[in-house]
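Participant: turn this into a model:
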Amino acid sequence: MRLTFSETKAKLPRALRLPSHRDVTLPEFPMSDTATLPSPTIADSSFFDALKRYWGYDAFRPRQEEIVRALASGRDVCVVMPTGGGKSLCYQLPAVLQENRTAVVISPLIALMQDQVAQLRQMGIPAVFLNSAVVESDRRELKQKAIAGEYRLMYVSPERALMDGTADWLRQVPLSFFAIDEAHCISQWGHDFRPEYRQLGKLRALFPDHPIAAFTASATQQVRHDIVGQLHLRDPLKSVSSFRRENLRYFVRKCEKGMQANYLLQLLRENVEGSTIVYVPTVKKVAEVVALLKDHDISAVGYHGQMDKHERENNQNAWSEGEPRILVGTIAFGLGINKANVRAVIHLALPKSIEHYYQESGRAGRDGKSAICALLWRGADLGLLAHFIMQSPDITAKEKAWAQYEAIKDFVQADGCRQRHLCEHFGENPKWEKCGQCDFCAGDYVWKVSSMQKHPESEAANETLKLIKAGKSFSQIAKLRGVQIRSAYSMVGKLVEDGCLEFQPQWVDEKRRKAIESAADRLGLDLLNPIKNALPAEISYGEIQLVLGHLRRQKALAEQCA
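Facilitator: Modelled structure (predicted):
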């Protein structure tokens, strides 16, 4: 039976309970009487002319036009729009239309700023970023050009926006408005709260005559209220798009021991178009999964925060250009990634929260075409999340983390539509019951059992695996490794049993294999000698070991999938 968030929360000790947007009454925020300065009049046709000229579109996506017009008219806005919905256009287009004025975009990541600015410049839109990567001489020139109104958009970090002296300098710039990206970071109820974002509330007092626009892809009703209050938005246009991503097919699977790699390999082999992101929980797991895929002739690159910067950038760029198709990374990868043809996002561990999962999985299908979001979790993930929560010395942070823990646990164990569950978590009240394509609505993904999960546990086994893959015979393996041929057969049989290698029919004559299988069916799989004694003398111990390894593997997989 599926529990509601309130029912789940009630099971927690009182000290660990965190109110949710479903449990509290959200007050109306006081609106300031301060009027904004009138914005330059913009001809109606200009919106569509700019949309076509710079972005190549003939029409706006849902909700984009009302947001663009509101911001261009000088009104504050608070926008919640799913990843891939076109948030950046909502502040870039009105900035383009206000000649000799500059929109200040506050963004959390240097890489994100650089990517956005590069894209704008390619489109012919004058834009610049100001952060710690800009040397002092370039910074002075940049400021002079900004004062002269030469840029339509200027990207800055939240820390730099509030540095001493920044406000004095910005007052000399002909500003159009402020746009705050990843605005959920301002809320202590958000999944990625950042203290420096909390200080952005000062912008209203420092620049009372300029509109402020807040944008986020994932914010609950409570977080949305907090954003409006913390930024002191004045009668803002509140635009909240549906959290339903109709082109995404959500599949959630709890993996028993040894099955996760099997599911991953199947997904990658069956989904060969476009690109794929595989999210893993640790740096160590990145290397393990990349090695696993390499062993199965699947090309992939890794990405994590501890990787050399040059290597990390090269891997990201190679993946962005389409070769290799697969990137295996920690959650350090993804923020600001604007790759349209991601056909699958696969998680190999439970995310910390539904917000994290929604944001990460939402990087799939940004081109509007069908994409798979598979969450392959294990029971141990819940224990690991709980362990990290208990390590936190901050009581408030711990309460928030426990609430997120219960919510993600409820999501993966729910017996209802995945899309509907996500929508309801963010405060939406869907009029539909089923999405028609998640594992609950359309049936579970057709998982195929494969004998592939694992890596050899010893150097000797690893060397034998390399030799057999190189096409060496059993006698050649025995000679190269300096062992008896029976030992070579035994090692290969163990590799098959452990799931490191697939059984090859050509190893054992079909008639002999069937005789071995028949004897094993009568005598069991545990002991070798009884089976050998029951078979013709010409059938060797080595052949028996190979077939037994195969049979034991098949039995183990059948038990796991039962």
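Participant: next up, the contacts around the most centrally placed residue in the chain.
Facilitator: The centre of the chain sits closest to residue 360, judged by C-alpha atoms, centre = their mean, with a distance of 2.5 Å. Taking C-beta atoms under 8 Å, 6 or more residues apart in numbering, we find residue 360 in contact with 277, 279, 331, 334, 345, 347, 351. (C-beta placed from N, C-alpha, C; glycine too.)
Participant: same check on residue 207?
Facilitator: 167, 170, 171, 175, 178 are the contacts of residue 207 under C-beta under 8 Å, 6+ apart.
Participant: now, which of the residues you listed lie within helices?
Facilitator: 167, 170 (DSSP state H).
Participant: pull out the buried members of the contacts of residue 207.
Facilitator: 170, 175, 178 (16 or more other C-beta atoms under 10 Å).
Participant: centre of the chain to the longest helix along the chain, how far?
Facilitator: Taking DSSP H as the criterion, the chain has its longest helix at helix 541-561. Mean-position distance between helix 541-561 and its chain equals 37 Å (C-alpha atoms, centre = their mean, to the nearest Å).
Participant: which helices and strands does that helix pack with?
Facilitator: helix 485-497, helix 510-523, helix 528-533 (3 or more C-beta pairs under 8 Å, 6 or more residues apart in numbering; DSSP states H and E).
Participant: for the longest one, C-alpha coordinates in CSV please.
Facilitator: Just to be clear, that refers to helix 510-523. Output of helix 510-523 as CSV, limited to C-alpha atoms (Å, rounded to 0.1, in the frame of the first residue of the first chain):
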residue,chain,number,x,y,z
GLU,A,510,27.0,-31.0,-28.2
LYS,A,511,26.5,-34.7,-27.7
ARG,A,512,29.0,-34.7,-24.7
ARG,A,513,27.4,-31.5,-23.3
LYS,A,514,24.0,-33.1,-23.3
ALA,A,515,25.4,-36.2,-21.6
ILE,A,516,27.0,-34.0,-18.9
GLU,A,517,23.8,-32.0,-18.4
SER,A,518,21.8,-35.3,-18.0
ALA,A,519,24.1,-36.6,-15.4
ALA,A,520,24.1,-33.3,-13.5
ASP,A,521,20.4,-33.3,-13.6
ARG,A,522,20.3,-36.7,-11.8
LEU,A,523,23.3,-36.2,-9.5
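Participant: buried residues in it?
Facilitator: Quick answer for helix 510-523 (16+ other C-beta under 10 Å): 512, 513, 515, 516, 519, 520.
Participant: any idea which of those residues is closest to residue 418?
Facilitator: In terms of C-beta to C-beta, no member of these lies closer to residue 418 than residue 520, at 42.7 Å.
Participant: show me what counts as buried in stretch 47-66.
Facilitator: The neighbour-count check on stretch 47-66 (16+ other C-beta under 10 Å) flags 47, 50, 51, 54, 60, 63, 64, 65 as buried.
Participant: wait, a helix at the fifth one?
Facilitator: No. Under the criterion used here (DSSP: H, G, I helix; E, B strand; the rest coil), residue 60 is coil, not part of a helix.
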